[in-house]
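Visitor: Model the following, please.
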Amino acid sequence: MFCSSLKSVTIPSSVTSIGDYAFSYCPLTSIEFAGNQTYDWVPTVEGSNTVGGYIIQKGNDLSTNTVAGCLAYGKINIKLPAGKSSITNLAFSWCSGLTSINIPNSVTSIGVGAFIGCSSLKSVNFAEGSKLNSIDKYAFGGCASLTSVNIPSSVTSIKRAAFNDCSSLKDVTFNWDNDQLVTGKLTLGTDLFINDTSSQTISFHIPLGTEDQYIATFTQGILGTNITANWISYIQWSITDDGFISPANKDLIKGDVTIPDTVSGKVVTGIANNAFSGCIQLTSINIPNSVTSIGAFAFKDCSALTNITFAEGSKLTSIGTQAFSKCALTSINIPDSVTTINDGVFNECKSLKTIDIPSGVTSIGESAFDSCSALTSINIPSGVTSIGDNAFADCSSLTTVNFDVNSRLTNIGNYAFQNCSSLTSVTIPSSVTGIGSWAFESCYSLTSINIPSSVTSIGRNAFESCTSLTSVNFDNNSQLTSIDFMAFSKCSALTSINIPSGITSIGFQAFIGCSSLKNINIPSSVTSIDDSAFDSCTSLTSVTIPSSVTSIGEKAFADCVKLTTVNFTDDSKLNNIGNYAFNGCPLTSVNIPNSVTRIGTNAFRNCSSLKDVTFNWNIDQLVADKLTLGTDLFNNTSSSQTINFHIPLGTKDQYKAKFTQDILGTNITANWIDDIVPPTPTPTNSSNLALILGLTFGFIILIGIGSYLGYRYYKHRKNSK
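Guide: Residues are numbered from 1 along each chain as shown. Alright, predicted model coming up:
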C-alpha cells in the first residue's frame with residue numbers, strides 16, 4: 001500500500017491470500033500470477049488507476065465483491081480472461097468507471113447484481129460461441145449508460161429485473177428461435193426492463209419469423225412497468241467455411257437488407273447460390289466490399305428488388321448465373337473489379353434502363369441481358385472478347401449498341417441481339433470474326449450494317465426479318481466464304497447487295513423474301529446457289545450467273561415475279577438446275593449451257609412469258625443418257641403456252657424423242673427449231689492461207705484468204721419454217 005514507485009508485481013503460486021487494499025495507491029502497470037492459483041476473493045485495489053484499479057485472479061470464477069467499487073477513480077474497459085466460468089454476485093457492482101466489458105464464451109452464469117450500479121457501462125459484449133445460460137436478478141440494474149445488449153441464444157434463464165432502470169437502453173437483441181420460445185425452455189422473471197421513473201421504448205430485435213411467439217412470451221408483466229416494446233425482425237445468417245452466407249426464413253424477408261461483412265467471426269466473401277431467390281418482398285440490397293462472388297440464382301425472382309448498392313472499394317469479381325434474373329432493377333453500377341458477367345445474370349429484368357459494364361469485363365455470358373425490355377443503350381468495353389448467345393435478345397427498347405474503338409471482340413453469339421426491334425444502327429468492330437446465327441434477327445429498325453473484312457462467317461438467319469435494312473456493306477478484302485441459311489431472308493427493304501468476291505456458297509434461303517432487292521452481284525468465286533436463295537425477291541429484274549456456279553438449288557429464284565432475264569456466261573460450268581428453280585418468273589428467254597446435266601422437276605413452271613429456250617446439247621449427250629430431266633419442266637398451270645426451243649442443227653429428232661409431253665409439262669406446245677450451228681475448232685496456222693469453212697446441208701461456204709487470228713467459229717441460223 002502506498003508503494004509510489006511500484007510498477008509491477010508477480011505473485012508466486014505459494015501465495016494463498018491477498019489482504020485488503022494490499023496494492024492500494026500503487027502505480028502498477030502489471031500484475032502477474034506465476035501459477036494457476038485461485039483465491040476465494042480478490043480485494044479492492046483502490047487508487048491503482050494505471051491498471052484500472054482491479055485484480056482478477058486466474059481461477060474459474062469471479063468472487064463476490066471481486067472489484068466492487070474499484071473503478072471510481074478512472075474510466076476503463078475490462079476484458080475478462082478466458083477460462084472464467086462465472087461472474088458471481090456483485091462482482092463488478094457499483095464500478096462507476098467501468099465503460100465496457102468483454103465476457104468470454106466460457107462464462108455460464110452472471111450472478112445477482114454482478115454489474116449493478118455500473119453507471120458508465122455502455123457496452124456488454126459476449127464472445128462468439130457464448131455458453132452463458134443464466135442472468136440473475138438485478139445483474140445489470142441501474143446501468144444507466146447501457147444502450148444495447150445482445151443476449152446469446154444459449155441463455156435459458158433471465159431473472160427478475162435483470163435490466164431494471166437501464167434508462168438509456170434502446171436496443172435489445174434476442175436470438176431464440178420458435179422452438180425455444182414455445183417448448184418451455186426459457187425461464188423469464190418479471191419486470192426484466194422495468195423503468196421506475198419514466199416511460200421507455202425499447203426495440204427488441206428478434207429472428208425473422210418469430211414475432212408472434214415473442215409477443216406472446218414477453219407480456220407486459222415480463223417487460224416491466226413503463227416499457228413499450230418495438231419488435232423488429234432481423235435475418236439470421238449461416239456461413240460456410242469459405243465465407244458464403246445465406247439467410248434463414250428467406251421467404252419472410254422484406255424491405256431493405258444489408259449483408260453483414262462478418263458472421264460468426266468469419267469474413268463474408270460470398271453470397272451463396274439461391275440465397276435470396278424468390279424473396280418477392282425484398283426491395284433493396286446492400287453488399288459489403290468484402291464480397292468477391294455472388295452465387296448462381298442468388299437473387300433470382302426477387303420481383304420487388306429495385307436497388308443494389310455495392311460498398312465503396314468493392315472486391316466483387318464474379319456474378320453467377322441468373323443471379324439477378326427477373327428482378328425489378330431500374331439501373332445498376334457493376335463494380336470495376338468484376339471480370340465476368342455470367343449466363344442470364346440480368347435475364348428478364350424488364351425495368352432495367354441503364355447499366356454500366358466496367359472496363360475489366362472480358363465476357364458477357366449467354367442471355368446475360370435477355371428480355372431487358374426497358375434497356376435503351378449499352379456500351380461494350382474494349383476488353384470484352386465474346387458476347388454470348390441471347391446476350392441482349394428481346395431488348396425491345398435498345399436503340400444503340402456502342403463498341404469501344406479499341407474493341408477486342410471476336411464473336412457475336414447466336415441470337416445475341418435477336419428481336420431488338422428498336423435498334424437502328426450498329427458498327428461491328430473490325431476484330432470480329434464470327435456473327436452467330438439469328439444474331440440480329442427481327443431487328444426491325446436496323447437500317448444499315450457494315451460487315452468488316454475480319455468476319456469469316458455469318459450464321460444462319462443472322463439478319464432475318466430486318467425489315468428496315470436497306471444497305472449491307474462488306475469491307476474490301478473480306479474473308480467471308482459463305483452466306484449461311486436465311487442470313488438476310490425477309491429483309492424486305494434491301495435494294496441491292498454486292499456479295500464479296502471470296503464467297504463460294506450462297507446458302508439456303510439466304511435472301512428469300514427480300515422483296516425490294518433489285519440488283520445483286522454474284523461474284524465469280526461462287527460455286528453454288530442453294531435452295532430458295534433468292535426465292536420471292538419480287539423486285540429482282542435480272543441476274544447474271546457466273547461461270548463458276550455449278551449448281552442452282554431448288555426454288556433458287558422461284559416467284560421472282562419481275563425477273564425477266566437470266567444470263568449464263570459462255571464458259572459456264574453449271575451442271576444442275578434444281579426443282580422449281582425459276583418457278584413463276586416472267587422470263588422471256590433462257591439459254592441453257594451445254595454443261596448442264598440435270599434440270600429438276602418444274603424448273604421453269606409457270607414462266608408464262610417464256611417464248612424462247614435454247615438448248616446446246618449435242619446428239620451424244622441426248623442419246624447416251626447423260627441428261628437427267630425432271631417432269632413438267634415448263635408446266636403452265638393456268639393456260640396454253642407455245643415455246644420455241646432452239647437446238648443444234650440436225651438434232652430435232654433426238655430432242656423430240658427426249659422431251660416428251662410429260663417432261664415439257666401441261667399446256668406446253670413445243671416448236672423445235674434446229675438453227676444452232678455447232679462450234680468449229682479454231683485454226684492454228686498463222687501463215688497467209690485460205691481458210692475454208694465448209695458448212696454442209698447446202699449452206700454458205702465462206703472462203704477467206706489471209707491471216708486468220710482469233711476467229712473461232714461461225715454460226716448460221718436458218719429459218720426451218
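
Visitor: give me the low-pLDDT residue ranges for the protein?
Guide: Counting by pLDDT under 70, the chain contains low-confidence residues at 1-2, 7, 11, 16-81, 679-721.

Visitor: Now do the contacts for the residue positioned nearest the centre of it.
Guide: Relative to the mean C-alpha position of the chain, the nearest C-alpha, by CA atoms, centre = their mean, is the one of residue 368, at 1.8 Å. By CB atoms under 8 Å, 6 or more residues apart in numbering, residue 368 lies in contact with 341, 342, 343, 344, 345, 346, 347, 388, 391, 392. Every C-beta, even on glycine, is put in place using the N, C-alpha and C of the backbone.

Visitor: cutoff 6 Å now
Guide: The neighbours of residue 368, taking CB atoms under 6 Å, 6 or more residues apart in numbering as the test, are 341, 345, 391.

Visitor: contacting residues around stretch 250-261?
Guide: 208-209, 268, 276, 279, 281-288, 290.

Visitor: among the residues you listed, which ones are buried?
Guide: 208, 209, 268, 276, 279, 282, 283, 285, 287, 288, 290 (16 or more other CB atoms under 10 Å).

Visitor: For residue 98, name its beta-bridge partners.
Guide: Note on residue 98: beta-bridge partners by DSSP bridges are residue 76.

Visitor: wait, doesn't it sit right on residue 119?
Guide: No. Using CB atoms under 6 Å, residue 98 makes no contact with residue 119, being 9.0 Å away.

Visitor: out of these two, which sits in the busier spot?
Guide: Each of residue 98 and residue 119 has its neighbours counted (other CB atoms under 10 Å); residue 98 has more, 28 against 14.

Visitor: where's that one relative to residue 138, distance?
Guide: 16 Å (CB to CB, to the nearest Å).

Visitor: now residue 179
Guide: Relative to residue 138, residue 179 is positioned 29 Å away (CB to CB).

Visitor: can you give me the helices for this structure?
Guide: Using DSSP state H, the helices of the chain run over residues 178-182, 211-217, 220-223, 619-623, 652-658, 661-664.

Visitor: looking at the ones you listed, which is closest to residue 602?
Guide: helix 661-664 (11.0 Å; CB to CB).

Visitor: Which elements pack onto the closest one?
Guide: Helices and strands touching helix 661-664, as assessed by 3 or more CB pairs under 6 Å, 6 or more residues apart in numbering; DSSP states H and E, are absent.

Visitor: chain center to that helix: distance?
Guide: 59 Å (CA atoms, centre = their mean, to the nearest Å).

Visitor: Quickly list the domain ranges of this structure.
Guide: With domains defined by automatic domain parsing, the chain comprises 60-234, 677-721.

Visitor: Please identify the most buried of the ones you listed.
Guide: Among these, domain 60-234 has the highest mean neighbour count (mean count of other CB atoms under 10 Å), at a mean of 18.

Visitor: Turn the helices of the chain into TSV, including distance to residue 272.
Guide: Formatted as TSV, these follow (distance: least, CB to CB, whole Å):
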stretch	distance to residue 272
helix 178-182	23
helix 211-217	25
helix 220-223	37
helix 619-623	76
helix 652-658	77
helix 661-664	73
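
Visitor: Identify whichever of those lies nearest to residue 361.
Guide: Nearest to residue 361, of the helices of the chain and by CB to CB, is helix 211-217 at 42.7 Å.

Visitor: who's in contact with that closest one?
Guide: 178, 181, 182, 206, 231, 233.

Visitor: between those residues, which is nearest residue 589?
Guide: residue 233 (86.4 Å).

Visitor: how close does the closest one get to residue 280?
Guide: Distance, residue 233 to residue 280, using CB to CB: 16 Å.

Visitor: Which parts of the stretch 451-600 of the chain are strands?
Guide: 457-458, 471-474, 482-483, 496-498, 505-506, 519-521, 528-529, 542-545, 551-552, 565-568, 576-577, 589-592, 598-599 (DSSP state E, counting those that start in this stretch).

Visitor: State the phi and psi torsions of the closest residue to residue 130 other than its chain neighbours.
Guide: Leaving aside its chain neighbours, residue 130 sits nearest to residue 152 (3.9 Å; criterion: CB to CB, 6 or more residues apart in numbering). Main-chain torsions, residue 152, degrees, to the nearest 10: phi -60, psi 150.

Visitor: List the residues that contact residue 152.
Guide: Applying CB under 6 Å, 6+ apart to residue 152 gives the contacts 126, 130, 132.

Visitor: hang on, the first one packs against residue 101?
Guide: Right, the one you point to is residue 126. No. Residue 126 is beyond contact range of residue 101, at 9.6 Å (criterion: CB under 6 Å).

Visitor: Would you convert the contacts of residue 368 into CSV that also reports neighbour count?
Guide: As requested, those are exported to CSV (neighbours: other CB atoms under 10 Å):
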residue, neighbour count
341, 25
345, 30
391, 31
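
Visitor: So which of those belong to strands?
Guide: residue 341 (DSSP state E).

Visitor: In TSV: the contacts of residue 368, plus distance to residue 638.
Guide: Putting these into TSV (distance: CB to CB, whole Å) gives the following:
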residue	distance to residue 638
341	59
345	58
391	50
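
Visitor: What distance do you get for residue 240 to residue 175?
Guide: In this view, residue 240 and residue 175 are 20 Å apart by CB to CB.

Visitor: Kindly report the same for residue 350.
Guide: Residue 350 sits 39 Å away from residue 175 when distances are taken as CB to CB.

Visitor: pretty sure residue 274 contacts residue 295?
Guide: No. At 7.3 Å, residue 274 does not count as touching residue 295 under the criterion of CB under 6 Å.

Visitor: can you pull the contacts of the residue nearest to residue 407 when sequence neighbours are not counted?
Guide: In space, not counting the residues next to it along the chain, residue 407 is nearest to residue 429; the distance is 3.8 Å by CB to CB, 6+ apart. Neighbouring residues of residue 429 by CB under 6 Å, 6+ apart: 403, 407, 409.

Visitor: Would you reformat these as JSON lines and include distance to residue 330 and neighbour count?
Guide: Below are these laid out as JSON lines (distance: CB to CB, whole Å; neighbours: other CB atoms under 10 Å):
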{"residue": "403", "distance to residue 330": "25", "neighbour count": "22"}
{"residue": "407", "distance to residue 330": "27", "neighbour count": "20"}
{"residue": "409", "distance to residue 330": "27", "neighbour count": "22"}
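
Visitor: Can you lay out these as CSV showing distance to residue 105?
Guide: Shown next, in CSV, are the contacts of residue 429 (distance: CB to CB, whole Å):
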residue, distance to residue 105
403, 57
407, 56
409, 55
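
Visitor: Kindly reformat the strands of the stretch 451-600 of the chain as TSV containing distance to residue 248 and mean neighbour count.
Guide: Shown next, in TSV, are those (distance: least, CB to CB, whole Å; neighbours: other CB atoms under 10 Å):
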stretch	distance to residue 248	mean neighbour count
strand 457-458	51	21
strand 471-474	57	16
strand 482-483	57	22
strand 496-498	62	15
strand 505-506	60	22
strand 519-521	66	15
strand 528-529	64	22
strand 542-545	71	16
strand 551-552	68	24
strand 565-568	75	16
strand 576-577	71	22
strand 589-592	79	18
strand 598-599	74	18
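
Visitor: With respect to residue 443, which of those lies nearest?
Guide: Here strand 471-474 is closest among the strands of the stretch 451-600 of the chain (CB to CB), at 12.8 Å.

Visitor: counting contacts, what elements does that closest one pack onto?
Guide: Looks like strand 471-474 contacts strand 448-451 (3+ CB pairs under 6 Å, 6+ apart).

Visitor: Isn't residue 562 up against residue 541?
Guide: Yes. Assessed by CB under 6 Å, residue 562 is found in contact with residue 541 at 5.1 Å.

Visitor: for the stretch 101-250 of the chain, what spans make up the strands?
Guide: With DSSP E, counting those that start in this stretch as the criterion, the stretch 101-250 of the chain has strands spanning 109-110, 123-126, 134-135, 148-150, 157-158, 171-173, 187-188, 200-207, 227-234, 237-239, 244-247.

Visitor: Right, I'll call it a day here.
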